[in-house]
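> output the structure for:
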Amino acid sequence: MEDRQGGKLFHYKWNVRGPGCVLMMEPMATLTELPEAFAAGTTVKYSRTLPDYPANAGWTLRLLLAGANVLAVTATPNGADYLITITAEQSGTLAAGTYKCAEEVSKAGETYIVASGTVIVEPNLAAALAGQHQSKNERLLELVDTLLAGRVVKDLEAYGIDGMTVSKIPFLELAGYRASLAAAVARENKIAQVAREAGQKGAAEAIAAGFAVTTLGAKRVESDRHAYAA
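Numbers count the residues shown, from 1 in each chain. I've put the predicted structure just below:
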């Protein structure tokens, strides 16, 4: 069994185009390993050469993914090599998250794991709903901006996101809360950008989520404490 984690099993590159959108993979003629990450709802193709288990000697290769969902894909023989294709329909069944992955060969009752590791499945943005992939801080920042702009119905007393409540509070206090949220969002974005440049998207999401929880825990405004007569 060959365990090739830590970048050895996977071939994946981040191509950062400024602070905005990132190209997920650099163009290449043919992938020879499973990418480190791919988006649900997209097609993934790569070829595999296994000199000890050639396809033309009767071996069968399967790619196995296990996490929030499971998926098994049987490779197509290509001479002595293999071509593995995850269709868009197949990847669309996978919830976003980190999955264990393994490549399994079998022949005449023999089965071996020839490689293993992890792969990140990114969200299917084509199926996303408005606001679905915003952090709590981003959503609360939008809410506070709306309150400051005076576009919320005047007689509503509280507005909440995921159990976090923002009530009618004095303008200066609300403005200070907005500054804290804006700083938290900026930190989240900076952490994500730095981690993308280092090819560590999973770490970026974990750290950004930690900032979100810390910021909301320290800054959230309780309606029964801050509500005042309009």
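
> list the buried residues of the helix or strand containing Leu140.
Assigned by DSSP states H and E, Leu140 falls within helix 136-149. Within helix 136-149, the residues scored as buried using 16 or more other Cβ atoms under 10 Å are 136-141, 143-144, 147. C-beta here means a position set from N, CA and C on the backbone, and glycine is covered the same way.

> before we move on, what about stretch 66-86?
Using 16+ other Cβ under 10 Å as the test for burial, stretch 66-86 gives 67, 71, 73, 75, 81-82, 84, 86.

> in strands, which of those appear?
Judged by DSSP state E, the buried residues of stretch 66-86 include 71, 73, 81-82, 84, 86 as members of strands.

> report the two of those residues separated the most.
Leu71 and Asp81 (21.5 Å; Cβ to Cβ).

> neighbouring strands - and their directions - for the longest strand seen in the chain?
As assigned by DSSP E, the longest strand anywhere in the chain is strand 110-122. Strand 110-122 has the following strand partners under DSSP bridges: strand 37-39 (parallel), strand 97-107 (antiparallel).

> please identify the most buried of these.
Ranked by mean neighbour count, these are led by strand 37-39 with a mean of 19 (mean count of other Cβ atoms under 10 Å).

> ok, the ones in strands among the buried residues of stretch 66-86 vs Arg62, which is closest?
Once Cβ to Cβ is applied, the member of those that ends up nearest Arg62 is Val73, at 6.6 Å.

> that closest one bridge partners, please.
Beta-bridge partners of Val73, counted by DSSP bridges, are Leu63.

> what of Ile120?
Bridge pairing for Ile120 (DSSP bridges) gives the partners Ala37, Thr98.

> what residues of the longest helix along the chain count as buried?
Assignment by DSSP state H gives helix 171-197 as the longest helix of the chain. By 16+ other Cβ under 10 Å, the buried positions in helix 171-197 come out as 174, 177-178, 180-181, 184-185, 187-188, 191-193, 195-196.

> lowest-pLDDT helix or strand in the chain?
helix 223-226 (a mean of 36; mean pLDDT, DSSP states H and E).

> shaky segments in the chain?
Applying pLDDT under 70 to the chain flags the ranges 1-29, 151-169, 195-230.

> if we go to 90?
1-30, 125-181, 184-230 (pLDDT under 90).

> quick one: Glu104 from Arg178, how far?
53 Å (Cβ to Cβ, to the nearest Å).

> that older thread, using a markdown table, lay out the ones in strands among the buried residues of stretch 66-86 together with distance to Ala37.
A markdown table is the format used below for these (distance: Cβ to Cβ, whole Å):
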| residue | distance to Ala37 |
| --- | --- |
| Leu71 | 15 |
| Val73 | 17 |
| Asp81 | 24 |
| Tyr82 | 21 |
| Ile84 | 16 |
| Ile86 | 13 |
